[in-house]
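>>> Pasting a predicted model and its sequence here:
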Amino acid sequence: MKQLSDSESTEVSPASTGSQPGFAAFLPSTRLKVVFSVLIIFHLLAVFLPPLAFQANGPFGGSPSVGTLLRPVEGYGEFLYLNRGYAFFAPDPGPSHLIQVAVTDPSGQVVESMYPDLDNQWPRLKYHRHFMLAEFLTDIYQPPGPPPELAAEDPAVADEWTRLRARYEHVRQSIVDHLKHVNDGKDVAIRRIEHLIPSFIQYVEEPIALDDPRLYTVLLDQSLDAPLGPPETIPPPVDSEQASASAATGSESLKAPLDDRLPGEEADKDTVEPAHGAAEESSDSTEDADATSSEEAR
Amino acid sequence: MNADSAIGTAGCWLRAVSQAWDRFWFKPGLPNTLAVIRICTGAMLLYGHLVLATELTSFLGDNAWINNETARQLHDGAFVGSDLGRSYLWWISSPVLLWMHHLVAIAVTFAFMIGFMTRVTAPAAWFLQLMYLHRLTGALFGLDQIVTYTAMYLMISPCGSCYSVDAWLREKLASRRSASRWLQFLWPAYGRSVAANVATRMLQLHLCVIYLFGGLAKARGEAWWDGTAVWFAVGNYEYQSLDMTWMASYPLLFSALTHLTLFWEVFYCALVWPRMTRPIVLLIAVAVHGGIAMFLGMITFGVMMIVANMIFIDPAWLLAVGKRKSQAADDEISKVMDEALDQIGEDDDSAIGDDEGFHIPDDDDLSLHDDSAFESHSDDDLEVALPEAADELRAVIEEREQKIRLAREKIKQREQTLAEREQRYRQRVERLKAREARIKEAVAKKREKNES
């Protein structure tokens, strides 16, 4: 590649720009400057307002003034991927969320794995993509529902609940389908795991490995009015080779297929037999949602 | 203050604002910093595409983690509000097509990185990246944002006019380029331009917005105020790439880092503009993002944020550094040349010493010796004896030739400009002479009239 010579670097003058074609030669007239200024302001609004709208949210919804300002630039920002909040490690750096997978072959042997997994996803960027998928599943989680009383009191909120639940179920189903596809059609079950971080005081008092089993808890998929059980911890993550070895020996901890329901609760076929029933339910919900959104659009 | 003076003051203020706006956005700028950022952004985009290629059908198509239908539904209003984050990749199921598309994306991004057909490949690389983003919903993070924004602003600038294949082609095919407007557009001349300045300003302001809201979002949390946020970041097993848990014993350290990070992010948008505080702000940016890259497992994100922060580096500074390096290289090359000549001289001396010493050669010996002595001055022998020196000498000569060619082109342009200017002066002189003659004539007539 060509390096600039000294003469180029020091002798760039307005006169030389005048002879340049295309953008470089472009010295806009006052009228064009006005046009460009309007475009620049429009773009800057599309840059500034989405993160502002992201922050300007509360229990009663978004700020009406910010929402009004955002509306004209919203679509433009969405297409250009400007509709971000930039809340990196915010408001507080919290625990990670993982996906634990159990693959059961026809003989009943179960192999567990965890996503993300540094041993199986390399380079780091690929690992991070899997990590973000696991975080996404928890981000969009919506408990089953809505409660019947909410549907009676506020149908709009209940409808939104239904849609958010359908979104979660569709994404979960897509993940299960993918895992089935890469595991030659074997039964697949997944559950969400939260990996807690000890406080520095706890850590100093009792140094604990960051992957200690006590720091992993299962996030249950249950309605809000379900009885709360004690937090369930899980065995530490195992790599696929170890899992295969323990599966071959019929390790006790791996016998039960995974799901994300209460301990002791009967496993629902939706999750273990992945969710064709649930998918159908979800599809129905989606169709409803489609119809509603079309009406809103109209 | 009466109404007129108030209006006058307001008018003055508006004029000042207008002039400041004009200077900020429409003052032509150099593309050097943008060109460096283009190389880094292109490399990062390319790396992202190559990593995606290792599991392409796990992220795209009907059997992906998020399959085509679900990805589409996440945007088209099936669940929550519809948005315009659309992608044609939602509709591509065939693995063959996906692979062909991906190979095109890799080729385009590589061309963008090396600055080949940048006018075309820059928008193409950005658009392809955007389509991937809208398809990969759920698997994205900060890297995808910053690399896409950087590509977006580079696209509107002449970032391929230097440090690029385009610049090389522009020099090699100068005569063909001068005859074709398309080629002039494709291989823009190096120089100051409004487009370079607008792209620079856009990315600078966008970075300010990112840090401002990054900081404000953190300010809503408790951990960023009680000083424990950095501990919870380094104590996160999934992010961790180097074990930094020893920090638990040094609360003073991690709490100070927490507060520094928060205040730096919030005030970045103000402190990055004054010349006095800019180096400090940028150094902290390197430290914070370097830390994220090394300790929190996000090498790509950390590096890309440092690259984006380079937008605040004045191109003139880059050029000055380049000039110093160039001077240093010249000095080094001169030294190598001297050494090479000394070596040759020593060979000659030793040959002479042999001749003058104890051995009286016969004709054959002499001719052979003469030949070898002669050959020791040739390029081939120099290459064998000092291959690196020969390479460097050749590089120097090529560089000098390029410089001379450039200078010649510049002199030609300058000559043309001067010729045009001279022509205009001559015409003006002619007009002035004619006018002077008319005045003289009029004065003479008047004098005659007065005398008569």
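Yep, it's here.
>>> make it CA atoms for all contacts and neighbour counts henceforth
OK.
>>> How about stretch B:40-52 and chain A, touching?
Yes. Looking at stretch B:40-52 against chain A by Cα under 8 Å from any Cα of the partner chain, the contacts come from B:48, B:51-52.
>>> Alpha carbons only: can I get that stretch in PDB?
As requested, C-alpha coordinates have been extracted for stretch B:40-52 and formatted as PDB (Å, rounded to 0.1, in the frame of the first residue of the first chain):
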ATOM      1  CA  CYS B  40      -8.600  -1.700  11.400                       C
ATOM      2  CA  THR B  41     -12.300  -1.700  10.800                       C
ATOM      3  CA  GLY B  42     -12.000  -3.800   7.700                       C
ATOM      4  CA  ALA B  43      -9.700  -6.200   9.500                       C
ATOM      5  CA  MET B  44     -12.200  -6.500  12.400                       C
ATOM      6  CA  LEU B  45     -15.200  -7.000  10.000                       C
ATOM      7  CA  LEU B  46     -13.200  -9.600   8.100                       C
ATOM      8  CA  TYR B  47     -12.300 -11.400  11.300                       C
ATOM      9  CA  GLY B  48     -15.900 -11.400  12.400                       C
ATOM     10  CA  HIS B  49     -17.000 -12.900   9.100                       C
ATOM     11  CA  LEU B  50     -14.300 -15.600   9.200                       C
ATOM     12  CA  VAL B  51     -15.300 -16.600  12.700                       C
ATOM     13  CA  LEU B  52     -18.900 -16.700  11.600                       C
END
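>>> how far out from the middle of the chain is that stretch?
16 Å (Cα atoms, centre = their mean, to the nearest Å).
>>> Give me the mean pLDDT for it.
Per-residue pLDDT values across stretch B:40-52 average out to 98.
>>> Not counting it itself, show me its contacts.
Outside stretch B:40-52, the residues within contact range by Cα atoms under 8 Å, 6 or more residues apart in numbering or on different chains are A:123, A:125-126, B:59, B:102, B:105-106, B:109-110, B:112-114, B:129, B:147, B:150-151, B:300, B:304, B:307.
>>> let's go with 6 Å and repeat that
Residues lying outside stretch B:40-52 but in contact with it, judged by Cα atoms under 6 Å, 6 or more residues apart in numbering or on different chains, are B:109, B:112-113.
>>> For chain B, what lies in contact range of chain A?
When proximity is defined by Cα under 6 Å from any Cα of the partner chain, chain B lies next to chain A at B:63-66, B:78-79, B:84-85, B:138-139, B:163-165, B:168, B:184-185, B:189, B:191-193, B:210, B:214, B:217-218, B:220-221, B:223, B:232-233, B:237, B:248.
>>> Buried members of those residues into ChimeraX, please.
Buried members of the residues of chain B next to chain A, identified by 16 or more other Cα atoms under 10 Å in any protein chain shown, are gathered into one ChimeraX selection as follows:
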select /B:63,64,65,66,78,79,84,85,138,139,163,164,165,168,184,185,189,191,192,193,210,214,217,218,221,223,232,233,237,248
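>>> Out of the residues of chain B next to chain A, list just those in helices.
Judged by DSSP state H, helices contain the following of the residues of chain B next to chain A: B:165, B:168, B:184-185, B:210, B:214, B:217-218, B:223, B:232-233.
>>> Pull the most distant pair out of the residues you listed.
B:Gln184 and B:Ala223 (55.2 Å; Cα to Cα).
>>> Which one of the contacts of stretch B:40-52 sits in the busiest neighbourhood?
Tallying neighbours with other Cα atoms under 10 Å in any protein chain shown puts B:Phe112 at the head of these, with 33 neighbours.
>>> which residues touch that residue?
B:Phe112 makes contact with B:42, B:118, B:121-122 under the criterion Cα under 6 Å, 6+ apart.
>>> Kindly reformat these as a markdown table containing secondary structure and neighbour count.
As requested, those are arranged in a markdown table below (DSSP: H, G, I helix; E, B strand; the rest coil; neighbours: other Cα atoms under 10 Å in any protein chain shown):
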| residue | secondary structure | neighbour count |
| --- | --- | --- |
| B:Gly42 | helix | 26 |
| B:Thr118 | helix | 29 |
| B:Thr121 | helix | 22 |
| B:Ala122 | helix | 29 |
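>>> Among those, which one sits closest to chain A?
Looking at the contacts of B:Phe112 and their distance to chain A, the nearest is B:Thr118, at 12.9 Å (Cα to the nearest Cα).
>>> how near is the closest one to B:Gly42?
In this structure, B:Thr118 and B:Gly42 are 11 Å apart, going by Cα to Cα, to the nearest Å.
>>> what number of residues lie near A:Gly108?
For A:Gly108, the tally of surrounding residues (other Cα under 10 Å) stands at 14.
>>> And it, how close does it get to chain B?
Between A:Gly108 and chain B the distance is 25 Å, computed by Cα to the nearest Cα, to the nearest Å.
>>> looking at the chain, which helix or strand is least sure?
All of this refers to chain A. Among the secondary structure pieces of chain A, namely its helices and strands, helix A:276-297 has the lowest mean (mean pLDDT, DSSP states H and E), a mean of 32.
>>> please go with chain B instead
None of the helices or strands of chain B scores lower by mean pLDDT, DSSP H and E than helix B:363-375, at a mean of 37.
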